[in-house]
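Undergrad: Have a look at this prediction, sequence included:
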2 protein chains.
Amino acid sequence: MKIGQLSKVSGCSIQTIRYYEKEGLLNSPNRSEGNFRLYDKRALKELEFVKHCRSLDIPLSDIKTLLALKNKPEESCSSINNLIANQLDLVNKRIKELRVLKTELQLMKKACSTDNTVERCGIMKTLND
Amino acid sequence: MKIGQLSKVSGCSIQTIRYYEKEGLLNSPNRSEGNFRLYDKRALKELEFVKHCRSLDIPLSDIKTLLALKNKPEESCSSINNLIANQLDLVNKRIKELRVLKTELQLMKKACSTDNTVERCGIMKTLND
DNA sequence: ATAGAATCTATAGTTACTATAGAGTCAAGT
DNA sequence: ACTTGACTCTATAGTAACTATAGATTCTAT
């Protein structure tokens, strides 16, 4: 199948697919006579792996690490475990940060429920603190 | 005070201060004979306003809007209210997304608690789905 | 006079894409 | 055979909000 088809079935944009290839996350596919990229089911699987990792917010550099490990089935998987544990830590940290944000934003929202002038806006006042 | 001093008291890096100026979030300060930026307390206040907004993850473009409104004290503050409400929505959405992420990452972590080979790694298996 | 610290401008790099321009390829209709 | 439209190609620039660097000036202290 050509790149447009792969894009449809995978849900990744054409540009993203080409970008992943350039970044070394996907193998360079065979080309047609007219230089079009030709993909098979295996390529789709590879792309789906990357997509799944991205849906977990795993950075491309880490995905590269994972892909390299996939080719070394005999090695220890401890670095995979670490990678996921770190990702989980990051997510937890970010959730905490966002909760703090949420609280302050909610307070601000309450500070100016009615329609005022800018001068009297409760939100603007809190922003000046 | 010079930019290094402002950086210290504000907690913003020197580059960030210059960047904010270039982006029009800070007024261009007076310069010394040797072309060094000279700031006063007012400038510090302005920077702190920007910093406070950024701590709420408000994008620079929105901060510009807020700064413009600060100079029009008679106008309605409804756009300020909207801006904060939108920001709150964004934060709430992101928190939800991250909770989903967290759940999946936790499941993955459990899937491979012991030290295995890559081939048998429970995490790698889930990533292939 | 000079060494070291601080500052200046301009430019490039970061992350993960998205968007665009301009050219080439291919299948279907006339 | 020709042309139209859809698809693909490469290369480049743009996005957000900074951070980092190079090379030149300026200032301060000895």
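TA: That came through, no problem.
Undergrad: going forward, measure contacts and count neighbours with C-alpha atoms only.
TA: Noted.
Undergrad: Can you show me the strands along chain A?
TA: Chain-ordered strands for chain A, with DSSP state E as the definition, fall at A:30-31, A:37-38.
Undergrad: From the chain's centroid, how far away is the first one?
TA: The one in question is strand A:30-31. Here strand A:30-31 shows a centroid-to-chain-centroid distance of 28 Å under the convention Cα atoms, centre = their mean, to the nearest Å.
Undergrad: That one near DNA strand C anywhere?
TA: No - using Cα under 7 Å from any atom of the strand, no contact is recorded between strand A:30-31 and DNA strand C, whose separation bottoms out at 9.3 Å.
Undergrad: ok, back up a step: deepest of the strands of chain A, which one?
TA: Using mean count of other Cα atoms under 10 Å in any protein chain shown, the stretch among the strands of chain A with the largest mean neighbour count is strand A:37-38, at a mean of 16.
Undergrad: what helices or strands is it leaning on?
TA: Packed against strand A:37-38 by the contact rule (3 or more Cα pairs under 8 Å, 6 or more residues apart in numbering or on different chains; DSSP states H and E) you find strand A:30-31.
Undergrad: Mind giving me the packing neighbours of the strand it packs on?
TA: For strand A:30-31, the packing partners by 3+ Cα pairs under 8 Å, 6+ apart come out as strand A:37-38.
Undergrad: sorry, back to before: just put the strands of chain A in a markdown table and tack on mean pLDDT.
TA: As requested, these are exported to a markdown table (pLDDT from 0 to 100):
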| stretch | mean pLDDT |
| --- | --- |
| strand A:30-31 | 96 |
| strand A:37-38 | 98 |
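Undergrad: quick one, what contacts residue A:14?
TA: Listed by Cα atoms under 8 Å, 6 or more residues apart in numbering or on different chains, the contact set of residue A:14 reads A:3-4, A:7.
Undergrad: follow-up on the earlier one: can the strands of chain A go into TSV with extra columns for distance to residue B:45?
TA: As requested, those are arranged in TSV below (distance: least, Cα to Cα, whole Å):
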stretch	distance to residue B:45
strand A:30-31	60
strand A:37-38	56
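Undergrad: remind me which residues of chain A are low pLDDT?
TA: Scanning chain A with the threshold set as pLDDT under 70 gives no residue ranges.
Undergrad: I'd like to know which of the contacts of residue A:14 is nearest to DNA strand D.
TA: The nearest member of these to DNA strand D, counting by Cα to the nearest atom of the strand, is residue A:4 at 3.3 Å.
Undergrad: Next up, the contacts around that closest one.
TA: Here residue A:4 is in contact with residue A:14 (criterion: Cα under 8 Å, 6+ apart).
Undergrad: what's the answer for residue A:111, then?
TA: Taking Cα under 8 Å, 6+ apart, we find residue A:111 in contact with A:121-123.
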